[in-house]
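1. below are the sequence and a predicted model for it; my questions follow.
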Amino acid sequence: MSTTATITQTTADTLRVEPLPGRSFGARIILPSYARDPKDLNEEDFASLYRAVHEHLVVVLPGLADLDPTSQYLLTKRFDPTCEGAYGHTKEFRHQKSVLRRDGSSVPKQPQVQILGQGRADGHEGAESLELRHPTHMSFHKEPLSEQEMADGYTRFYRWHIDSALYELAPPVVTTLLGIDCPSGERQKIKLDGGSGETIESDVAATAFISGADAFDALSDEEKQFALTTTVVYAPHPYIFISPARATSDGFTMVSENLETPLEELPEWEDSKIKRLPLVWTNPVTGRHHLQVHGCCIWKLETAKGTQELAQARETIHGLMKQQLTKERIYLHDWQKGDLVIFFNRGVWHSVTGQFGPEGHRLMHQCNIASGADPVCVN
């Protein structure tokens, strides 16, 4: 369980934080009566929300299905005064060779907010001819499940990641994710692929989270020392770099088969814009260390004993990440209409899960904004 202090409120007119029972992270937020739109929180209540996001890592604000995209953007931006623009929603994000190219469409009036989901949503927020596609492991993993396994209700984690361009721009501090139309009731069994045959059950297409703080705490003393002294070097234009490759069955990293886009075939890049980030990021509120890495996009590891190149770096990171692949370590959010999930993007890993049937439909809004400063590790 989390060792951080629990925030308490004494009146109905202040923001309430209710930690999720039986979990080491996660909380439910009840807004004060004056702020039916969370962007209107006063300084004191926003400070409580800010602390809650950093302490509990993933918080859920229910009942906000009608939240305006501009309100979502302003709330997201408020968490980071240094943020300088919209992460990812650029020509490169939609590059025809990027693995992210089909994972959303911008809200015309507020392009920092992305429309996600499954099925047609023509005319939504002024976006015409919108065909949404929920990303699934079938087109991303080297060895996807069989059709019979999927027919029997099994699925996988798609890709464990941190929201970030990982080239030129600094990772966002938080991501906000709003469930507008989230059909529930259909269940799925997610294969953990840890070698035990273990599964974990949730609603279809739940969003999965792992605490980077729990991940760091679970390391051995030797592994902690390694992590604290290692820098992750991400590939130039990483989502284009990895596009021809395929992922491991647990979604933590890519299989090394020399299939990556050759560096000379990538869009023009500069060494000064390559992201070199610590493997461990320090939470500015709690002071806890978080093991934070996007295993699919790594290129090299710069360690105290020298540089690990791509294949070895992937093997090393996979070994550190897979220790968290247990039911007890994973929080699966089963979406309800109107849920606004805010997660500390510099403190958790998350993954899409599941797949929809031919008539499946879902509609969501996502917002994260590149920060003006990279995360740091404070020893």
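-> Perfect, I can see it now.
2. buried residues in stretch 319-326?
-> Using 16 or more other Cβ atoms under 10 Å as the burial criterion, the residues of stretch 319-326 that qualify are 320-325. Bear in mind the C-beta positions are built from the backbone N, C-alpha and C, glycine included.
3. pLDDT score for S196?
-> What the model reports for S196 is a pLDDT of 69.
4. and for the one 4 residues further on?
-> Residue-level confidence at I200 comes out at 95, pLDDT.
5. beta partners of it?
-> Note on I200: beta-bridge partners by DSSP bridges are I190.
6. among the buried residues of stretch 319-326, which pair sits farthest apart?
-> L320 and L325 (11.5 Å; Cβ to Cβ).
7. which neighbours do those two share?
-> With contacts defined as Cβ atoms under 8 Å, 6 or more residues apart in numbering, no residue is shared by L320 and L325.
8. what is the nearest of the buried residues of stretch 319-326 to L15?
-> Of the buried residues of stretch 319-326, the one sitting nearest to L15 (Cβ to Cβ) turns out to be Q324, at 30.0 Å.
9. okay, the closest one: pLDDT?
-> pLDDT, read off for Q324, is 94.
10. going forward, begin numbering at 17 instead of 1
-> All set: I'll call the first residue 17, so the last point we hit is now Q340.
11. show me what contacts it?
-> Counting by Cβ under 8 Å, 6+ apart, Q340 has contacts 226, 230-231, 234, 346.
12. show me those that map onto strands.
-> 226, 346 (DSSP state E).
13. just the closest of the contacts of Q340 to E59, please.
-> Using Cβ to Cβ, these come closest to E59 at D230, 30.9 Å.
14. and that closest one, what is it in contact with?
-> D230 neighbours (Cβ under 8 Å, 6+ apart): 40-41, 340, 345.
15. one more: I206?
-> By Cβ under 8 Å, 6+ apart, the neighbours of I206 are 170-173, 215-218, 224, 348, 369-370.
16. and if you look at D84?
-> D84 touches D53, counting by Cβ under 8 Å, 6+ apart.
17. what segments of the stretch 117-266 of the chain are strands?
-> Assigned by DSSP state E, counting those that start in this stretch, the stretch 117-266 of the chain shows strands spanning 121-123, 126-136, 147-148, 170-171, 190-197, 203-207, 215-219, 223-227, 247-250.
18. figure out which of these is closest to I358.
-> The nearest among these, by Cβ to Cβ, is strand 190-197 at 5.1 Å.
19. and the average pLDDT for that closest one is what?
-> Here the average pLDDT along strand 190-197 is 97.
20. cool, stretch 292-301 as well?
-> Computed over stretch 292-301, the average pLDDT equals 98.
21. distance from the chain centre to it, please.
-> Centroid separation between stretch 292-301 and its chain, computed with Cα atoms, centre = their mean, to the nearest Å, is 16 Å.
22. buried residues, it. List them.
-> Those would be 293-299, for stretch 292-301 by 16+ other Cβ under 10 Å.
23. nearest to K93 among the contacts of Q340?
-> I226 (25.9 Å).
24. for that closest one, name its beta-bridge partners.
-> I346, W365.
25. where in this structure is the helix or strand with the lowest mean pLDDT?
-> Lowest by mean pLDDT, DSSP states H and E among the helices and strands of the chain is strand 101-102, with a mean of 54.
26. who touches the residue lying closest to T319 once chain neighbours are set aside in this structure?
-> In this structure, T319 finds its nearest non-sequential neighbour in T246, 4.9 Å apart by Cβ to Cβ, 6 or more residues apart in numbering. Neighbouring residues of T246 by Cβ under 8 Å, 6+ apart: 294-295, 317-320.
27. just the helices in the stretch 67-216 of the chain please.
-> 85-94, 163-167 (DSSP state H, counting those that start in this stretch).
28. mind checking those helices for the one nearest to C383?
-> helix 85-94 (4.4 Å).
29. packing partners for the closest one?
-> If contacts are counted by 3 or more Cβ pairs under 8 Å, 6 or more residues apart in numbering; DSSP states H and E, helix 85-94 sits against strand 126-136, strand 190-197, strand 378-386.
30. okay, those strands in a markdown table with mean neighbour count next?
-> Putting those into a markdown table (neighbours: other Cβ atoms under 10 Å) gives the following:
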| stretch | mean neighbour count |
| --- | --- |
| strand 126-136 | 21 |
| strand 190-197 | 24 |
| strand 378-386 | 24 |
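31. same list (these) but as CSV, adding distance to G142.
-> What follows is the helices and strands packed on helix 85-94, written out as CSV (distance: least, Cβ to Cβ, whole Å):
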stretch, distance to G142
strand 126-136, 10
strand 190-197, 15
strand 378-386, 13
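32. can you tell which of these is closest to E281?
-> Taking the helices and strands packed on helix 85-94 one by one with Cβ to Cβ, strand 378-386 is closest: 25.5 Å.
33. quick one: strands adjacent to the closest one?
-> Applying DSSP bridges, one finds strand 378-386 paired with strand 101-102 (antiparallel), strand 126-136 (antiparallel), strand 190-197 (antiparallel).
34. mind checking which of those is nearest Y66?
-> Across those, closest to Y66 is strand 190-197 (Cβ to Cβ), at 9.2 Å.
35. contacts for the closest one?
-> Contacts for strand 190-197 (Cβ under 8 Å, 6+ apart): 69, 80-81, 83, 88, 91-92, 95-96, 133, 179, 223, 351-361, 377-384.
36. on that earlier part again, what subset of the contacts of I206 is buried?
-> Buried, going by 16+ other Cβ under 10 Å: 170-173, 216, 218, 224, 348, 369-370, out of the contacts of I206.
37. a markdown table for the residues you listed, including distance to V74?
-> Putting the buried ones among the contacts of I206 into a markdown table (distance: Cβ to Cβ, whole Å) gives the following:
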| residue | distance to V74 |
| --- | --- |
| Y170 | 25 |
| T171 | 21 |
| R172 | 21 |
| F173 | 16 |
| I216 | 16 |
| S218 | 14 |
| A224 | 10 |
| L348 | 11 |
| T369 | 15 |
| G370 | 18 |
